[in-house]
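S.K.: I'll drop the sequence and a predicted model, then ask my questions.
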Amino acid sequence: TVWHLFWFLKEDYLYHDTGYLWIDALLALQFAVGHSLLLYPQIRSRITQWLPSAFYGCLFCLQTCLGILLTAWLWRSSSSVIWKFEGAGYWIMSGGFYASWITLLYSLNLTGLGYQTGLTQWWFWLRRKPLPKRAFEPRSLYCCMRHPVYLSFMGLLWFTPVMTLDRALLTGIWTAYIFVGSYLKDERLSFYIGKPYRDYQAKVPGYPFVFFGPLGKRKTRRPASGTPEKISVSRV
C-alpha cells in the first residue's frame, strides 16, 4: 500500500485515463468517510460486539489500505494544469515531498508502528497476555505540535511539481478531512486520556503557527473554588 501511495502521489496520477471529476471526488470521500467511521466510538462499540477488540486495529489498517488502493487504482486524470514547476521550483517541491515521507514514517514510529497497524494488539492477544497500558508521554515532534502525522500527510498532497485539477480535488478533500480529523482526534484523546491531554493541548498547538481555534493551544478552565475539580476545554 505504501508503495502504491508513494508512486500515485508522486506522478502516477498524471498518467491515468481521463474521466469525470465526480468519480475522483467519490474515491477521495470513500477513504475519508470510511476512515472516520471506524474511529467513531459508537461504531467501534458495535463492531467489537462480534469482533474481538484485539483485531480492531487490524480492521482499521485493512480499511486504510483498501481505501488508498481503491483510490490509486481507479483514479481519473485531468488535462487541466493549475501549476507546473520547473527548474529550482521542481526540486523544491520534490524535496518537500520526500521530506514529508521521512517525517511521516518517523512520526508513525514515535507512536508505535505496531499500534498503528494493529499488529501489537493482535500479538498480545495471540500470546494470551494483557495489552500493557501506554503512558501518555509526548516526545520529539509531539513536543512541538499535536499532529505531526497529519501535517506530514498534508505535505505529501501539497508538495507536487504539477498540480492538475484532479490532484487539486484530491488535495482539497483530504486536507479538509485532515483538519476535521485533527479536531476529532483531540476530542477523542481528551475524553480517553483526560486532564493530562487537556494540559498538553494548553501547552502545545495542533500545528505550527496556528495561534487560535481548536487546533491552536486550548486553554483549560479552572474549577471554581469550593467545587470538585472538573476540567473543561474551551476554544481559544
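M.R.: Yes, it's here. What you are looking at is a predicted structure, and each value in this text was computed from that prediction instead of being measured. Numbering: from 1, shown residues only.
S.K.: residue contacts, residue 52?
M.R.: Shown in contact with residue 52 (CB atoms under 8 Å, 6 or more residues apart in numbering): residue 125. Every residue, glycine included, has its C-beta placed from N, CA and C.
S.K.: low pLDDT regions in the chain?
M.R.: Applying pLDDT under 70 to the chain picks out residues 220-236.
S.K.: do a quick rundown of the helices in it.
M.R.: Assigned by DSSP state H, the chain shows helices spanning 2-10, 21-39, 41-47, 56-74, 88-111, 113-117, 119-126, 148-158, 165-193, 195-203.
S.K.: list the contacts for the residue nearest to residue 20 when sequence neighbours are not counted?
M.R.: Counting by CB to CB, 6 or more residues apart in numbering, residue 76 is the residue found nearest to residue 20 once chain neighbours are left out, at 6.5 Å. Contacts for residue 76 (CB under 8 Å, 6+ apart) come out as 16, 17, 18, 19, 20, 21, 23, 24, 166.
S.K.: what number of residues lie near the last one?
M.R.: Going back to what we said before, that points to residue 166. By other CB atoms under 10 Å, 26 other residues sit near residue 166.
S.K.: which ones are touching it?
M.R.: With CB under 8 Å, 6+ apart, residue 166 has these contacts: 13, 21, 24, 75, 76, 77, 78.
S.K.: among those residues, which one sits closest to residue 149?
M.R.: Comparing those against residue 149 with CB to CB places residue 13 closest, at 22.1 Å.
S.K.: middle-most residue in this protein, spatially?
M.R.: The residue lying closest to the centre of the chain (CA atoms, centre = their mean) is residue 150, at 4.3 Å.
S.K.: surely that residue touches residue 183?
M.R.: No. Using CB atoms under 8 Å, residue 150 is not in contact with residue 183; the gap is 10.6 Å.
S.K.: reformat the contacts of residue 76 as TSV; add distance to residue 219.
M.R.: Listed next are the contacts of residue 76 as TSV, based on distance: CB to CB, whole Å:
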residue	distance to residue 219
16	47
17	51
18	50
19	48
20	46
21	42
23	44
24	40
166	41
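S.K.: emit the ChimeraX select command for whichever of these are buried.
M.R.: Applying 16 or more other CB atoms under 10 Å to the contacts of residue 76, the buried members can be selected in ChimeraX as follows:
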select :16,24,166
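S.K.: buried residues in stretch 94-111, which are they?
M.R.: Buried, per 16+ other CB under 10 Å, within stretch 94-111: 96, 97, 100, 101, 103, 104, 107, 108.
S.K.: those: which two are farthest apart?
M.R.: 96 and 108 (18.5 Å).
S.K.: how many other residues sit next to the nearest residue to residue 60 once chain neighbours are set aside?
M.R.: The shortest distance from residue 60 to any non-neighbouring residue, by CB to CB, 6+ apart, is to residue 38 (5.1 Å). Counted with other CB under 10 Å, residues neighbouring residue 38 total 17.
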